[in-house]
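Undergrad: Give me a model of this one.
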Amino acid sequence: MNTLLAIALLVLGVGFALLALSGISFRFRALCNKPAWGGVTVPALLMGLAFFAPGLVMVYLFF
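TA: You can find the predicted model right below:
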């Protein structure tokens, strides 16, 4: 496998995991009657988008 493609898939996977963590945190906080956008939700969402978008572009370029 091409090294750049492997790095792109890793970045994409990290972004996807952070987006999933954000969604899980949002739902759990809403279930517990806490402010849903508090805690780790927003930072995980922003970092997830920061990893996911470039990772998607990199996979498109290197595949």
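
Undergrad: Any buried residues in the longest helix seen in the chain, and which?
TA: Looking across the chain with DSSP state H, the single longest helix is helix 3-31. Residues of helix 3-31 classed as buried: 8-9, 11-12, 14-15, 18-19, 21-22, 25-26, 29 (neighbour count, 16 or more other CB atoms under 10 Å). All C-beta atoms are positioned from the backbone trio N, CA, C, and that covers glycine.

Undergrad: chain center to that helix: distance?
TA: Centroid separation for helix 3-31 versus its chain: 3 Å, with CA atoms, centre = their mean, to the nearest Å.

Undergrad: Same check on stretch 38-54?
TA: Per CA atoms, centre = their mean, the displacement of stretch 38-54 from the mean C-alpha position of its chain is 6 Å.

Undergrad: Can you show me the CA trace of that stretch as CSV?
TA: C-alpha atoms of stretch 38-54 as CSV (Å, rounded to 0.1, in the frame of the first residue of the first chain):
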residue,chain,number,x,y,z
GLY,A,38,-21.3,21.2,26.6
GLY,A,39,-18.4,19.0,27.6
VAL,A,40,-16.4,17.4,24.9
THR,A,41,-19.0,17.7,22.2
VAL,A,42,-17.9,20.9,20.5
PRO,A,43,-14.1,20.4,20.7
ALA,A,44,-14.5,16.8,19.4
LEU,A,45,-16.7,18.1,16.6
LEU,A,46,-14.2,20.8,15.5
MET,A,47,-11.2,18.5,15.8
GLY,A,48,-13.1,15.8,13.9
LEU,A,49,-14.0,18.1,11.1
ALA,A,50,-10.4,19.3,11.0
PHE,A,51,-9.1,15.8,10.5
PHE,A,52,-12.0,14.4,8.5
ALA,A,53,-12.1,17.0,5.7
PRO,A,54,-8.4,16.9,4.8
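
Undergrad: pLDDT averaged over that stretch - what is it?
TA: For stretch 38-54, the mean pLDDT works out to 95.

Undergrad: Any idea how many residues pack against Trp37?
TA: A total of 12 residues lie near Trp37 under the criterion other CB atoms under 10 Å.

Undergrad: Helix, strand, or coil at it?
TA: Secondary structure for Trp37, judged by DSSP: H, G, I helix; E, B strand; the rest coil, is coil.
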